[in-house]
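# Here's a sequence, model it:
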Amino acid sequence: MTESTAATAGTGPGPEGLPGGPDELAAALQAVGYLPDEGLATAAYLALVMRRPLFLEGEAGVGKTALARALAQVTGRPLYRLQCYEGLEASQALYDWDFGRQLLHLRAAEAAHATADTASLEASLYDRRFLLARPLLQALEDSPSVLLVDEVDRADDEFEAFLLEVLSDFTISIPELGTVHADVPPLVVLTSNRTREVHDALKRRCLYHWLQHPDFDREVAILRSRLPEVTEQLAREVAAATAKLRALDLLKPPGVAEAMDWASALHALGARDLDPDLAARTLGAVLKYREDTDRVHALARGALFGGG
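Reported below is the predicted structural model:
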């Protein structure tokens, strides 16, 4: 399905040096090795010009994290990544005080007999130089930037609620120092592998896009773009075999990243096409569970690795 002219029109940079439209952004992303489809390019462009977070969901390995890196490249912005996990707390995402340096400062003050003015000494302990900025604070201070909140579905509900508050006005209050507000809100990319459902309140704050595995032609183009040393024949046959693997009932279907690893492994062994025996010996590059490799080995090799 093609997009309307109004949606894709744009020649030359848009406001603040941003791409003039989805097509221009897609071309810029392709120039740095990321090949988006029309829907993803449009969603990313709207996130840039509307200053809205972009929420990307999809299976692991479809290119969610890579998009944030590519957007940082094409916009010339620094990238700050917050990797989410169970038990992640606000202080680990925002800031913390460098207790060791504060203690050294206190001992130096004592050695210099400069401890009489306790109020002044206490205030000096919370100077900005003792603050350890974490990704959220770094992204607000280094404006404009790209903030990647990776695998937000792995964080707890409490952190998700905190994140929603930060994204509502891009302001962080530090009691000892004051308020930090981004002059230009960072481009926020949130990713989820859908290990659990993220709350609607956070999704409503964002533009949403579901990333699926690329079609055959796009995957071949990705492999050829990222791995120019790989032959056209090998790229096509790896893409075809990877698609067949995804159609199986595997614990972890391979993504584009695994397809690239597989093609690289085969190329390193001198392959110019997908030999069934060599493919079977290199399944560790594309499958990550013993049950999956056992299942594939039990099937007819020719049916899976018979060419593209």
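# for Leu18, what are its contacts?
Contact criterion Cβ atoms under 8 Å, 6 or more residues apart in numbering gives 48-49, 75 as the residues in contact with Leu18. In short, each C-beta sits where N, CA and C put it, glycine included.
# Just the buried residues out of those residues, in PyMOL syntax.
The PyMOL selection below is limited to those of these classed as buried (16 or more other Cβ atoms under 10 Å):
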select buried, resi 48+75
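# The contacts of Leu18 into a markdown table, with extra columns for secondary structure, pLDDT and distance to Val238?
Written out in a markdown table, the entries for the contacts of Leu18 read as follows (DSSP: H, G, I helix; E, B strand; the rest coil; pLDDT from 0 to 100; distance: Cβ to Cβ, whole Å):
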| residue | secondary structure | pLDDT | distance to Val238 |
| --- | --- | --- | --- |
| Leu48 | helix | 95 | 33 |
| Val49 | helix | 94 | 37 |
| Thr75 | helix | 94 | 31 |
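# Distance to Ala243 for the contacts of Leu18 - can I get that in TSV?
Below are the contacts of Leu18 laid out as TSV (distance: Cβ to Cβ, whole Å):
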residue	distance to Ala243
Leu48	32
Val49	34
Thr75	32
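# and which of the contacts of Leu18 is nearest Arg272?
Proximity to Arg272 was ranked across the contacts of Leu18 by Cβ to Cβ; first place goes to Thr75, at 38.0 Å.
# Check whether the closest one really touches Leu187, as I assumed.
Yes. The pair Thr75 and Leu187 qualifies as a contact (Cβ atoms under 8 Å) at a distance of 7.1 Å.
# Now the common contact residues for the two.
Between them, Thr75 and Leu187 share these contacting residues under Cβ under 8 Å, 6+ apart: 48, 144, 146.
# Can I get the residues you listed in CSV including distance to Glu86?
As requested, these are exported to CSV (distance: Cβ to Cβ, whole Å):
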residue, distance to Glu86
Leu48, 31
Pro144, 31
Val146, 25
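# Endpoint to endpoint, stretch 273-291 covers what distance?
This stretch, stretch 273-291, spans 26 Å end to end (Cα to Cα, to the nearest Å).
# Quick one: mean pLDDT over it.
Across stretch 273-291, the average pLDDT comes to 92.
# Centre of the chain to it, how far?
Relative to the mean C-alpha coordinate of its chain, stretch 273-291 is positioned 27 Å out (Cα atoms, centre = their mean, to the nearest Å).
# mind starting the numbering at 711 from now?
Done: numbering now begins at 711, and the last item shifts to stretch 983-1001.
# Am I right that Arg779 falls within a strand?
No. Counting by DSSP: H, G, I helix; E, B strand; the rest coil, Arg779 is not part of a strand but helix.
# which residue is nearest the middle of the protein?
Thr775 (2.1 Å; Cα atoms, centre = their mean).
# Helix or strand: which one has that residue?
Per DSSP states H and E, Thr775 falls inside helix 774-785.
# Now Asp959, what are its backbone angles?
Phi and psi for Asp959, reported as degrees, to the nearest 10, are phi -90, psi 70.
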